[in-house]
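Novice: Return a 3D structure for these sequence lines:
(2 chains)
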There are 2 protein chains.
Amino acid sequence: MAQVRLQLEEARELAVRALAANGCDQANAAAIADVMIVAERDGCTSHGLFRLPGYVSALASGRADGRAEPAVERIAPAVVRVDGRGGMAPLALERGRVPLIEAARENGIAALALVGIFHMAALWPEVEAVAEEGLCALAVTSSRRLVAPAGGSRAMFGTNPMAFAWPRPGEGPVVFDQAVSVMARGEVMIAARDGHDLPEGVALDADGKPTTDAAAAVDGVLLPFGGYKGSSIGLMIELLAAGLLGENFAFETSAEFADDGGPGRGGELMIAMDPARFGDGAGWAAHSERFFAELLAEDGVRLPGGRRLANRQRIPTDGFEIPDALHGEILELAGGA
Amino acid sequence: MAQVRLQLEEARELAVRALAANGCDQANAAAIADVMIVAERDGCTSHGLFRLPGYVSALASGRADGRAEPAVERIAPAVVRVDGRGGMAPLALERGRVPLIEAARENGIAALALVGIFHMAALWPEVEAVAEEGLCALAVTSSRRLVAPAGGSRAMFGTNPMAFAWPRPGEGPVVFDQAVSVMARGEVMIAARDGHDLPEGVALDADGKPTTDAAAAVDGVLLPFGGYKGSSIGLMIELLAAGLLGENFAFETSAEFADDGGPGRGGELMIAMDPARFGDGAGWAAHSERFFAELLAEDGVRLPGGRRLANRQRIPTDGFEIPDALHGEILELAGGA
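Specialist: Model (predicted):
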């Protein structure tokens, strides 16, 4: 497949242009472009420009509002609610970040309840941004029904990612972001696009039978990691991102969903905690560094997120590649070169 | 193996007597006995009276203080810290529960930071008790090093259970409690005691080789569920239960540990959230019941904790059985029949 190499800054300008040409105001276009560009910067192809046509479809169909102005309200002393008012998640997250951090510093722990949003970005950028301010953060979101619970063959959970970030003063936070499915939906979509098979245990086809065919998996259901334990986590994330917030469960998202490659409407819960307010004073940072040193003393053990940090050293200089066809599609969405 | 049938109330009295005869004051003896008896009531043998000799050993050796009076302090508006002062966890949890619930109702979300405790009970009783008051609860704790991270063969995590409870007004909460290891340490201990093999993928032996021999697993390391995803959760729990609270990481617990069958010193973090304070008013309960109904519409899908609730219908009437040898040992600890 022919590839086009792009530099991050030109890719960002192109993404902003394509979004602005398809219904986004500048604030939304910039926020959405930024999350795709940080994904490309970190080598996360499945959350990079690959998603742009999907964003545009959901804007073009009117499902999502590219000019939405999120409403931010502290609805309880430690709960910041952001109503995205039917826009994409990135701007709502930007608007909620500082209020969440302030509420967590004031109270020790605080929650960001994000509703009325269309989310299909990775979660790690939002927890990482909070951890860069010295707080620990945990985020979960639901989406449309794609994952079967343990014992079932009907999709009832979204891929329901959970992301976690732990601050490391002086260097990048430790961050993980993992779907409750064995494989992320984005990875399955990439495999289907590229004609690659899936490992066993990843998916059932539309008839509820195990499959390794990525295209069949796209039409079927994904399986949770770790059997019933992963399934419990999927259930918990439905209850936190939908039940707690009063937003769509995955089955509700799907009922109103038109599959244009774009995201469904759902909620996101982020919890931030200030380690300095939990009783260990300033000791927490050195203490957790001793843990990391002990952990990494064995060869073969790595901290999650290391590959992203390595890509981050390289890609801002080298640029990154996307398929020629995708580049052409984006140029067209942007109204030509 | 010969078994003795006991009723819950007589078992509780026996447990209190054995604990009181081995260094506990009445408050600690009652709290510790209660968590073992609710485990037996729910059919969770591995956290029932099976643990009593271990508690007694850790008291007898002086590692844990059976007369500790926990100190409760609201150290931030939404953080309740309970210092167990070197006692067993159950009394500290009892003392922290109401302050945690109050803080969560006031602020929307609150945390209980439990330090200076020796914990080897199940976590579900504490999250269930909070959910019975209408709040959603998540709890994690670390213990001594027993589980290898993905890519490693050296134990760096405790079995690090995560428990979650979601309130269902008018009926019992949905509750799960699962170790980050494929199999709980208690289950492996029971298998070793009874001479049963383990499934593959559960453990490595002392040489870092895969094993299905339960006794070899007791001397080796357990593996996390779901490969690197379960390993990430194990890492997160270390950081929350130890890094955040300023308590022992598993590797630190092990350094001061004497294996008398009793618990190690560690921390526990519990987060409580009040669904009524997240923006959906009173609607959250009916909304989540619609989700449960949809989930359970497929045969073979169950809510976690169902087996415990079924046992709870039966065991308070029928009683439960423990091995004759264990019963004899407990009678002796209690100073004879």
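Novice: going forward, measure contacts and count neighbours with C-alpha atoms only.
Specialist: Noted.
Novice: Might one say that residue A:71 is in contact with residue A:82?
Specialist: Yes. At 5.5 Å, residue A:71 and residue A:82 qualify as touching, with contact defined as C-alpha atoms under 8 Å.
Novice: who's more crowded, the two?
Specialist: Counted by other C-alpha atoms under 10 Å in any protein chain shown, residue A:71 and residue A:82 do not tie: residue A:82 has more neighbours, with 25 against 13.
Novice: Excluding chain neighbours, what is closest to the more buried one?
Specialist: Nearest residue to residue A:82, sequence neighbours excluded (C-alpha to C-alpha, 6 or more residues apart in numbering or on different chains): residue A:72, at 4.5 Å.
Novice: for residue A:137, same thing?
Specialist: Spatial nearest neighbour of residue A:137, excluding adjacent residues (C-alpha to C-alpha, 6+ apart): residue A:272 at 4.4 Å.
Novice: Would you agree that neighbour falls within a strand?
Specialist: Yes. Assessed by DSSP: H, G, I helix; E, B strand; the rest coil, residue A:272 belongs to a strand.
Novice: and the one helix or strand the residue nearest to residue A:82 maps to, which strands flank it?
Specialist: Assessed by DSSP states H and E, residue A:72 sits inside strand A:71-76. Partners of strand A:71-76 in the sheet, by DSSP bridges, are strand A:79-88 (antiparallel).
Novice: What's the local residue count around the nearest residue in space to residue A:75 that is not next to it in sequence?
Specialist: Residue nearest to residue A:75 in three dimensions, not counting chain neighbours: residue A:81, with 6.3 Å by C-alpha to C-alpha, 6+ apart. Per other C-alpha under 10 Å, the neighbour tally for residue A:81 reads 25.
Novice: mind listing what the closest residue to residue A:229 other than its chain neighbours touches?
Specialist: Using C-alpha to C-alpha, 6+ apart and skipping residues adjacent in sequence, the residue nearest residue A:229 is residue B:178, 6.9 Å away. For residue B:178, the contact set (C-alpha atoms under 8 Å, 6 or more residues apart in numbering or on different chains) comprises A:229, B:161, B:162, B:163, B:184.
Novice: Sort out which one of those lies nearest residue B:125 for me.
Specialist: The nearest member of the contacts of residue B:178 to residue B:125, counting by C-alpha to C-alpha, is residue B:163 at 9.2 Å.
Novice: Check which helix or strand the closest residue to the closest one other than its chain neighbours maps to.
Specialist: Spatial nearest neighbour of residue B:163, chain neighbours left out: residue B:177 (3.9 Å); criterion: C-alpha to C-alpha, 6+ apart. For residue B:177, the host element (DSSP H and E) is strand B:171-178.
Novice: Is there contact, residue-wise, from the helix or strand following that strand to chain A?
Specialist: Downstream of strand B:171-178, the next assigned helix or strand under DSSP H and E is helix B:185-194. No. For helix B:185-194, no contact with chain A is found by C-alpha under 8 Å from any C-alpha of the partner chain; the gap never falls below 15.4 Å.
Novice: Which neighbouring elements make contact with whatever helix or strand comes next after helix B:185-194?
Specialist: Counting by DSSP H and E, the next helix or strand C-terminal to helix B:185-194 is strand B:203-204. For strand B:203-204, the packing partners by 3 or more C-alpha pairs under 8 Å, 6 or more residues apart in numbering or on different chains; DSSP states H and E come out as strand B:210-211, strand B:221-222.
Novice: List the pairing partners of strand B:203-204 within its sheet, with orientation.
Specialist: Strand pairing for strand B:203-204, determined by DSSP bridges: strand B:210-211 (antiparallel), strand B:221-222 (antiparallel).
Novice: now the helix or strand just after the last one against helix A:228-238, angle please.
Specialist: Once strand B:221-222 ends, the next helix or strand along the chain (criterion: DSSP H and E) is helix B:228-238. Our comparison of helix B:228-238 with helix A:228-238, counting by axes from the mean of the first three to the mean of the last three C-alpha atoms, to 10 degrees, yields an angle of 60 degrees.
Novice: Residue A:54 and chain B, how far apart?
Specialist: Counting by C-alpha to the nearest C-alpha, to the nearest Å, the gap from residue A:54 to chain B is 27 Å.
Novice: Run a quick neighbour tally on residue A:2.
Specialist: For residue A:2, the tally of surrounding residues (other C-alpha under 10 Å) stands at 8.
Novice: So for it, what's the nearest residue that isn't a sequence neighbour?
Specialist: Nearest residue to residue A:2 in three dimensions, chain neighbours excluded: residue A:324, at 5.4 Å (C-alpha to C-alpha, 6+ apart).
Novice: residues touching that neighbour, list them.
Specialist: The contact partners of residue A:324, taken as C-alpha under 8 Å, 6+ apart, are A:1, A:2, A:3, A:4.
Novice: Equivalent analysis for residue A:243, please.
Specialist: Counting by C-alpha under 8 Å, 6+ apart, residue A:243 touches A:249, B:284, B:285, B:287, B:288.
Novice: These: which two are farthest apart?
Specialist: Largest separation among these by C-alpha to C-alpha: A:249 and B:285, giving 13.2 Å.
Novice: Counting neighbours, go ahead and name the busier of those two.
Specialist: Counting neighbours by other C-alpha under 10 Å for residue A:249 and for residue B:285 shows that residue A:249 has the greater number, 30 against 20.
Novice: Tell me which residue of the stretch 201-337 of chain A lies closest to chain B.
Specialist: With C-alpha to the nearest C-alpha as the measure, residue A:226 is the residue of the stretch 201-337 of chain A nearest to chain B, at 3.9 Å.
Novice: Please report how far that residue lies from residue A:202.
Specialist: To residue A:202, residue A:226 is 11 Å away according to C-alpha to C-alpha, to the nearest Å.
Novice: Overlap of the contact sets of the two?
Specialist: By C-alpha under 8 Å, 6+ apart, residue A:226 and residue A:202 have these common neighbours: residue A:182.
Novice: Next, the contact list for residue A:24, please.
Specialist: A:59, A:65, A:66, A:67.
Novice: Looking at these, spot the one nearest residue B:44.
Specialist: Using C-alpha to C-alpha, residue A:65 is the member of the contacts of residue A:24 that lies nearest residue B:44, at 50.8 Å.
Novice: Give me the neighbour count for the closest residue to that closest one other than its chain neighbours.
Specialist: Spatial nearest neighbour of residue A:65, chain neighbours left out: residue A:87 (4.6 Å); criterion: C-alpha to C-alpha, 6+ apart. The burial count assigned to residue A:87 is 26, neighbours taken as other C-alpha under 10 Å.
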